[in-house]
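*Asks:* Sequence first, then the predicted structure:
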Amino acid sequence: MAHRIDLSSIRNIGIMAHIDAGKTTTTERILFYTGKVHRMGDVDKGTATMDWMTQEQERGITITSAATTCYWHDSQINIIDTPGHVDFTAEVERSLRILDGAIGIFSAVEGVQSQSETVWRQADRYGVPRIAFVNKMDRVGADFSRVVKMINQQLGSKAVVVQLPLGAEDSFTGIIDIIRLRAYVYEDGVGDKFLTRELDKNECAEAESFREKLIESLSELDDTILEKYLDGKPISAEEINRSLRKQTIANRLVPVLCGSSFKNKGVQMLLDAVVDYLPSPLDIPPIIGTDPDTGEEVSVPADPDAPFCALVFKLATDPYVGKLTYFRLYAGHIKVGSQVVNTRKNKKERLTKILRMHANHREEIQEATAGDILAAVGLKETVTGETLCSPDRLIVLESMNFPDPVIDVVIEPKTKADQDRIGESLRRLAEEDPTFRTGYDEASGQTIISGMGELHLEIIIDRLLREFKVNANVGKPQVAYKETVKTNTKVETRFERQTGGHGQYAHVILAVRPLPEGSGRVFLDKTPPGLFPKEFVAATEIGVRESLQAGILAGYPVDDIEVTLQGGSYHEVDSSEQSFKVAANIAMKDALNKAQAEPIMNIDIMSPEEYGGDVISDLNARRGRVVSFEENRDSRIIKGLVPLAETFGYATNLRSLSQGRATFSMELKNYAEVPESKSREIIGRRYGTSLRR
């Protein structure tokens, strides 16, 4: 039997942050100091180990979450480096679903940004314990205390300082450990060697003040610390660390560290903090699943000797071994060649290979055990969010929810050979990425692909052309609008047709009302008992839902709507399921009170002070509005809202407005009603007409 590592020594962590805060650079340094790589990669030069895709290397950003394993002292650390761009938020979502802990990285200059807030909320939702690393302390404008304040105020977390920077900007030379009251000063550019020294008088006074605040925070949560604190007894570094670990795992406190990954400072202490404060699989509550036969809740403890149970969180296409299925093993152990059951589909699958991944490099192993994050080859039916189990103990773990796409592009194959290839290529891409959808427009005969933003679809199209060798013409991006109803309404439809022999008859009364944004589509049956046979109610629901796929205003899907079947009648001979489907369809066309909704984005713009006025004027011209300002030295952070439709090409425009010095980031906030003038323009464009009042 293969050697099994002690579960208490495993750390399954994610690295998450806003784009360009230094996630991948930090991961590169971690891999270097743990001996996993012998040369530090550089994001800007396209040599980062974890950014292995061609598209990542060309753009200098992370697109897909990459997994690796390294060892620090006696601990095994499984790391997932996640993207920071909002278009790839699903990669963060599925990674956080299966991780035990996370490092939130914040730029010491920009602090808490829009996407760092988004990923923090995702981690809140999954209850993932975190430590915070304030990176880029060497940069002009670095302000450690401001970032700590932002974490407390904007993220609603109780951030506690455990390290202080020695200097800042050009004078940043090392780190003060406030728990042990010592300084670490770096001697060389590689960061391998650092000096440990006593604190001078001024440093000691500041460090002791922060140590006192940390002990106060712990005493509010820990009776043992409180008792010693009130009695005035000294509290050792070991006692502080033990208590801080407990409160971090309970999500009551977030330890804050600092450093500069690019300048190789502070990463070893960050690794120590991962081992000291973040949980092992034994420290987190057992994951809860359900028994597929009884529907009862089942607890799945992190036990290597329990029946095998794992959750699939990602699929990827590998040019050498085919489909890779990434999974988190929660309980039990599994060997190469073992048969497992996909409990959602009730299908048996066989693992022909088990791989430990290091970005896009593979290490074959013979056995996997609880706590591991690995990839398998040979699973044909299994997709993201499905559970794999031992045949003698079936459990279904909770799946994952992903947001709907907000942008569409039309794509047309150039040749018949491309037409044949594109279907399979799109199917494989959609299998990998749950936020990427494909559709077919019957009227135009065109294929429509949908994604989370311009960059998301740009990457998909680039992969189609390069990786899958599909030649295609690509249209311009279009916003994926939705239609909805504005008012409550009631409709009654009687569908009758005599065609010789049996006729068709259906009579339905439907009540339609709008729902709050994000509610989706709801169908309710409020008919008196026995009014209709059950199959006619089911057929009515099918007819309603089919009619909501394309609204009557501009053919966009209808959303945030509740339809209630209140009454009607049927004929013993002439009524059928088909006639009720048709009646429901006709009734819905009558009921749809036309209103369009469009995606509204949160936008954060960081601009030098002198261009602030021009940036705001441009935002207003795009139907945007400013929500708040924040001054930061010689720059201004503008937070606002803007319709997605007005942001195409915004990066180029912002560069020209600010001589290339302003940057921005966006994330979806909600859907809002389109102004009437804009609505007429959208409908006209959809049908190729010019609408006038």
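*Replies:* Yep, that arrived. Residues are numbered from 1 along each chain as shown.

*Asks:* hey, let's count contacts and neighbours off CA atoms from now on
*Replies:* Noted.

*Asks:* Spit out the contact partners of residue 329.
*Replies:* Each residue near residue 329 by CA atoms under 8 Å, 6 or more residues apart in numbering is listed here: 308-311, 368-374.

*Asks:* 6 Å instead, please
*Replies:* 310, 370-372 (CA atoms under 6 Å, 6 or more residues apart in numbering).

*Asks:* likewise residue 311?
*Replies:* Contacts of residue 311 (CA under 6 Å, 6+ apart): 327-328, 387.

*Asks:* those strands in the stretch 201-350 of the chain, which residues are they?
*Replies:* 254-258, 287-290, 297-300, 309-318, 322-331, 333-335, 339-342, 347-350 (DSSP state E, counting those that start in this stretch).

*Asks:* Redo the contacts of residue 329 as a markdown table? Include distance to residue 254, neighbour count and secondary structure.
*Replies:* Shown next, in a markdown table, are these (distance: CA to CA, whole Å; neighbours: other CA atoms under 10 Å; DSSP: H, G, I helix; E, B strand; the rest coil):
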| residue | distance to residue 254 | neighbour count | secondary structure |
| --- | --- | --- | --- |
| 310 | 29 | 30 | strand |
| 370 | 27 | 25 | coil |
| 371 | 23 | 30 | coil |
| 372 | 25 | 25 | coil |
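
*Asks:* Which of those residues sits closest to residue 10?
*Replies:* residue 371 (7.1 Å; CA to CA).

*Asks:* quick one: that closest one from residue 303, how far?
*Replies:* 9 Å (CA to CA, to the nearest Å).

*Asks:* now swap in residue 310 and tell me
*Replies:* 12 Å.

*Asks:* Give me the below-cutoff pLDDT ranges for the stretch 1-150 of the chain.
*Replies:* 1-4, 37-65, 83-91 (pLDDT under 70).

*Asks:* let's go with 90 and repeat that
*Replies:* 1-7, 14-70, 73-74, 79-99, 109-126, 140-141 (pLDDT under 90).

*Asks:* How are the strands of it distributed by residue range?
*Replies:* 10-17, 66-72, 75-81, 101-107, 130-135.

*Asks:* If you count contacts, what does the longest one end up packed against?
*Replies:* So the one you mean is strand 10-17. strand 75-81, strand 101-107 (3 or more CA pairs under 6 Å, 6 or more residues apart in numbering; DSSP states H and E).

*Asks:* pLDDT on stretch 387-400, on average?
*Replies:* Average pLDDT, stretch 387-400: 88.

*Asks:* Residue 503 reaches residue 573, doesn't it?
*Replies:* No. Using CA atoms under 6 Å, residue 503 makes no contact with residue 573, being 8.0 Å away.

*Asks:* More neighbours: which of those two?
*Replies:* residue 503 (15 against 10; other CA atoms under 10 Å).

*Asks:* The more buried one: what's it in contact with?
*Replies:* Contacts of residue 503 by CA under 6 Å, 6+ apart are 497, 574.

*Asks:* any idea how far residue 509 is from it?
*Replies:* Applying CA to CA to residue 503 and residue 509 gives a distance of 21 Å.

*Asks:* What of residue 297?
*Replies:* Residue 297 is 39 Å from residue 509, by CA to CA.

*Asks:* pLDDT of stretch 464-471, averaged?
*Replies:* 78.

*Asks:* how about that stretch as PDB, C-alpha atoms only?
*Replies:* What follows is stretch 464-471, C-alpha atoms only, in PDB (Å, rounded to 0.1, in the frame of the first residue of the first chain):
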ATOM      1  CA  LEU A 464     -11.400  27.400 -31.100                       C
ATOM      2  CA  LEU A 465      -9.200  28.800 -33.800                       C
ATOM      3  CA  ARG A 466      -5.800  27.600 -32.300                       C
ATOM      4  CA  GLU A 467      -6.400  24.600 -30.200                       C
ATOM      5  CA  PHE A 468      -9.400  23.000 -32.000                       C
ATOM      6  CA  LYS A 469      -8.300  24.300 -35.500                       C
ATOM      7  CA  VAL A 470     -11.800  25.600 -36.400                       C
ATOM      8  CA  ASN A 471     -11.900  28.300 -39.100                       C
END
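
*Asks:* Buried residues in it, which are they?
*Replies:* Going by neighbour count (16 or more other CA atoms under 10 Å), the buried part of stretch 464-471 is 464, 468, 470-471.

*Asks:* picking that back up, can you put the contacts of residue 329 in JSON lines and add pLDDT and distance to residue 563?
*Replies:* Shown next, in JSON lines, are the contacts of residue 329 (pLDDT from 0 to 100; distance: CA to CA, whole Å):
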{"residue": "310", "pLDDT": "92", "distance to residue 563": "39"}
{"residue": "370", "pLDDT": "90", "distance to residue 563": "46"}
{"residue": "371", "pLDDT": "89", "distance to residue 563": "46"}
{"residue": "372", "pLDDT": "89", "distance to residue 563": "46"}
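
*Asks:* Can I get the residues you listed in JSON lines including distance to residue 242?
*Replies:* JSON lines is the format used below for the contacts of residue 329 (distance: CA to CA, whole Å):
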{"residue": "310", "distance to residue 242": "31"}
{"residue": "370", "distance to residue 242": "25"}
{"residue": "371", "distance to residue 242": "22"}
{"residue": "372", "distance to residue 242": "25"}
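
*Asks:* Can you tell me which of the residues you listed is nearest residue 35?
*Replies:* Checking the contacts of residue 329 one by one against residue 35 (CA to CA), the nearest turns out to be residue 372, at 20.0 Å.

*Asks:* Next one, pLDDT for the residue nearest to that closest one when sequence neighbours are not counted please.
*Replies:* Take residue 372 and drop its neighbours on the chain: the residue closest to it by CA to CA, 6 or more residues apart in numbering is residue 329, 5.4 Å away. At residue 329, the pLDDT value in this model is 93.

*Asks:* Name the residues linked to residue 329 by a beta bridge.
*Replies:* Residue 329 forms beta bridges with residue 310, as assigned by DSSP bridges.

*Asks:* host element of residue 184?
*Replies:* strand 182-186 (DSSP states H and E).

*Asks:* Which neighbours in the sheet does the helix or strand just after that strand have, and how are they oriented?
*Replies:* Next in sequence after strand 182-186, counting helices and strands by DSSP H and E, comes strand 194-197. Its sheet considered, strand 194-197 pairs with strand 182-186 (antiparallel) by DSSP bridges.
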